[in-house]
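Trainee: Starting from these lines, generate the structure:
(chains A and B)
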Amino acid sequence: MHDVGYVPEEPQAPPEMTARQLASFCGGLRRRWDGDAFEQRLGRLGIPLDRRFRRLSRGQKKQVELALALAHRPPLVVLDDPTLGLDPLARRGFFGELMGELADGGAAVLLTTHDLTAVEGIADHVGILAAGKLLVDEPLERLRGRFRRLLLPPGREASAAALRPLRQQPRPWGVEVIVDSWSDDTPATHGDARPMSLEEIFAALHAEPEET
Amino acid sequence: MRALALVTGRELRAYAPAWIAALVAALLPWLAPLLPNTSSQPAAEVRLGTALVLAGLLGLILALFAGAGLIARDLAEGRMGFFLALPLHARTVWAARVLAAAILVLGSMAAIALPAAFAAGELSLRPDAFTGSPALSLLGPLFPAAALVLLPPLFLLLLAHLLATGLRSRSPWLLVDLAGLALCGLLVARSLSRLMRGGAVIEFAICIAIAAALALTALLSSGAVGLARGGVLLSRVHRAQAIVVAVGLLAAGLASAGFAQWVLAVDAGDITAVGEVQAAPRGPWIAVRGDVRHRPSYTPWLLVDSRNGSSLRLGAATGGRDVGPSLPLAFSSDGRRAAWLRPQGAPYGSPNDAVAVELGDAAHPSEGGVEVEKAWGTSLLIEGDRLAIAEAGRLSVWTDDGRRLLAAAELPRNAAGWQELRVLPGGGVRLARIADVAESVRLQVWDLDVAARRLLARVDRQFAADGTAPRAALSADGTRLLVALGVGGRGGVELVDAATGATLAGLVTASGQSGASAAFLPGGGIAVAVGRDGALTLQLHDRNGAPLRELPLGDGRWAWLGSPWSAELLPFTVYARQGGGGVQHELRIVNLASGQVRRLGARLAPVGGASPWWPGDDRVAVGAPASRLFHDGHGALVRVDDAGRQEPLLPTRR
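Mentor: Coordinates of the predicted model:
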């Protein structure tokens, strides 16, 4: 665990300790520790070092734990849904701070989150879990490249059958088909083929199978 | 170690409120002498008493509090991940938390108790009176006291942790915890009960130590294993922990049961040094007690067949070494049966059953038996179809299987120093005893007429008291008594009619003799070995005490008479004082017909027989195996032939 920094979903640090005491405790256990960076980070965010952990706001607790996770400059940072329960402002601050720090350090980040929109712009590689099963494990660009939403006029459903649709949904204007095997070579005979966001792909993978 | 120290330090700081409470409690004993109603007692005693009570109470509360919060609270509230995400082993987290909690509990107790104990002068270290090992004046021997102080809080702490984890996880594995605890408790309690019943006091303590060590190991390792296997998930932690605890506690229970079984599974081959021996008047059976291999305090009586070494363990009637009556067993005169006081429970205070034991190729105790409340002061007799039991305050006669009471009578409840039972020719039972009655030592004889169910008081006689209780022997037919007076028979020896208490003859007078040993001889005669001026003489008397002849036995201060090897050969051991103040002894044999004395030379002492301290009866048959048995002075029991050759019987291996 010397090379890993971990930020849990829920703040877990002992509530009776202050941020300074936490830094002292964790620093004693790490091979590397940049105490100045820890204090500077919390100072930038206006988080008091000598206030007990339990008296900090939820966002401040997350920031303290992030600071603890990064102060030993780990090559791998694991973030377990770190923005859960944060307001949009705190969420943006969290990722902004994180990205700035990681851009400097060059560390890999393993991030689990339900906030797909927030990570869409920063993730390189994506895994999607459902019921304990890894459904997707590939680079984000490739994932987005092979998913398309096809909007077909009435009577053209058969033309999409060769693409083995993942889902097919009748709409008032025709049929909506989602495929996960799209490529640049696919003939443009399938009407309107639209790229999908990560959140849409996630929803498509998790949706109950429907009649085609 | 650095990680352990860091986490322990953190945990200790987290207990800050508890430390403050302990410091406040530590001040209270010093205020206690100011309370009303305490002025009559010394202030140091009041302080110490208050401190000990407070230390115990706070120790209990803190052990429960700290134990419940060892890891269960953090797991339930989702905070354990913080520690497990750091470069820490699960075992380090666990060990640090246990260590910190133990320091809190014991440190708080010490902070309260030690200053008051020190002020009362109860902390001085001195050698223990019995063991010589370091001892605290307040608590006794240092190491047992330390274990007594340290272990209970530690156990309480870990049990509180176990219970808290189980309850918080709401897991069915809690039942495994409880089953493990119950089974372990049951097995350990049963093992301890068996050891206590056997009088194995030191083994009892060892059994506790084994069970405690294993249970402690299981409890201590369970948390580490639970955290390592279960991570931050309380239910998984508890499951892994419950398995370790159940297995560990089961191992502790089985180990204690196995240890008790091993301790108690003693046979004649385990005897390393023979202590006491009583041989059957006829036949090969002997009762033996002595040191037992690898058992420091378990010294049961064993009923041993001297032909082949097979044995029956009788157990300790009322305790281990040097405790209790000498032998919980009485042989019949034909040596084919014995009556045994079999303990029902622990040796101290629990009742016994008087049961018959058939002595054939093996010893077979019968089931059931007659309940006897106390072994102390109880004598048994089994002859023909009679089982007689003389308890303090009661004489009863039963059928030999103990199923039917034939007659019983109340006796005066006086402490008897010696008592014997005989079956009389008409089927009645005679009890002779020497007892303290109203500050005088009296010889008392009663006959219980079984047919008429009536007790007859025959004798109640006080002997001239010189501060020493007389010693007596009752002849095999119950008609006569030999009474030795004074220390070592130096007050003289009398032959007394057991039916009337009248002195039939004064066999030895008090004047100038250095020790007189008197014994009934098979056939009715009486032999008395008397030491005078460094020389020994054997006086032979007829059954009424009339002198027949005297035989010189050679030099010596006094002699221990054995049982006759034949109608003519009587063995005896001579005791002579050496120049340096020591005592040497030598086995000799006298031919009663020719008067010839042969020195067998060996340093051997007879089993049974008569010494100046105990007159001898004539129950051992002429030439019986018992007459050939001797102690060698080095813890061995040997059989001696006419030429003085020794055949070792016990121990079977050195």
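Trainee: where does B:Thr272 land on pLDDT?
Mentor: Each residue has a pLDDT score; the one for B:Thr272 is 93.
Trainee: next SSE after the lowest-mean-pLDDT helix or strand in chain A?
Mentor: Ranked by mean pLDDT, DSSP states H and E, the helix or strand of chain A with the weakest confidence is helix A:88-105, at a mean of 72. Reading on from helix A:88-105 to the C-terminus, the next helix or strand found by DSSP states H and E is strand A:108-112.
Trainee: Show me how far that next one is from its chain's centre.
Mentor: Mean C-alpha position of strand A:108-112 versus that of the full chain (Cα atoms, centre = their mean, to the nearest Å) differs by 7 Å.
Trainee: From the contact counts, what lies against the helix or strand immediately after that strand in the chain?
Mentor: Remark: after strand A:108-112, the chain's next helix or strand is helix A:116-120, criterion DSSP H and E. Counting contacts by 3 or more Cβ pairs under 8 Å, 6 or more residues apart in numbering or on different chains; DSSP states H and E, helix A:116-120 is packed against helix A:88-105, helix A:198-206. C-betas here are computed from N, CA, C, even on glycine.
Trainee: Contact residues of chain B facing chain A?
Mentor: B:2-3, B:6, B:10, B:14, B:78-82, B:85-88 (Cβ under 8 Å from any Cβ of the partner chain).
Trainee: from these, which would you call buried?
Mentor: B:Ala3, B:Leu6, B:Arg10, B:Ala14, B:Arg79, B:Met80, B:Gly81, B:Phe82, B:Ala85, B:Leu86, B:Leu88 (16 or more other Cβ atoms under 10 Å in any protein chain shown).
Trainee: In strands only, show me the residues you listed.
Mentor: Members of these lying in strands (criterion: DSSP state E): none.
Trainee: Quick check: buried residues in stretch A:110-128?
Mentor: Counting neighbours by 16+ other Cβ under 10 Å, the buried set in stretch A:110-128 is A:Leu111, A:Thr113, A:Asp115, A:Leu116, A:Ala118, A:Val119, A:Ala123, A:Val126, A:Ile128.
Trainee: what's the span of it from first residue to last?
Mentor: Stretch A:110-128 has an end-to-end distance of 13 Å (Cα to Cα, to the nearest Å).
Trainee: if we can go back for a sec, highest average neighbour count across the helices and strands packed on helix A:116-120?
Mentor: helix A:198-206 (a mean of 16; mean count of other Cβ atoms under 10 Å in any protein chain shown).
Trainee: and the angle from the least confident helix or strand of chain A to strand A:108-112?
Mentor: 160 degrees (axes from the mean of the first three to the mean of the last three Cα atoms, to 10 degrees).
Trainee: what's around A:Ala19, how many residues?
Mentor: A:Ala19 has 26 neighbouring residues, counting by other Cβ atoms under 10 Å in any protein chain shown.
Trainee: for B:Leu148, that is, sorry about that
Mentor: Look at B:Leu148: counted by other Cβ under 10 Å, it has 12 neighbours.
Trainee: so what's the residue in the stretch 501-650 of chain B positioned nearest to chain A closest to, chain neighbours aside?
Mentor: Scanning the stretch 501-650 of chain B for the residue nearest chain A gives B:Gly635, at 62.6 Å (criterion: Cβ to the nearest Cβ). In this structure, B:Gly635 finds its nearest non-sequential neighbour in B:Ala273, 3.0 Å apart by Cβ to Cβ, 6 or more residues apart in numbering or on different chains.
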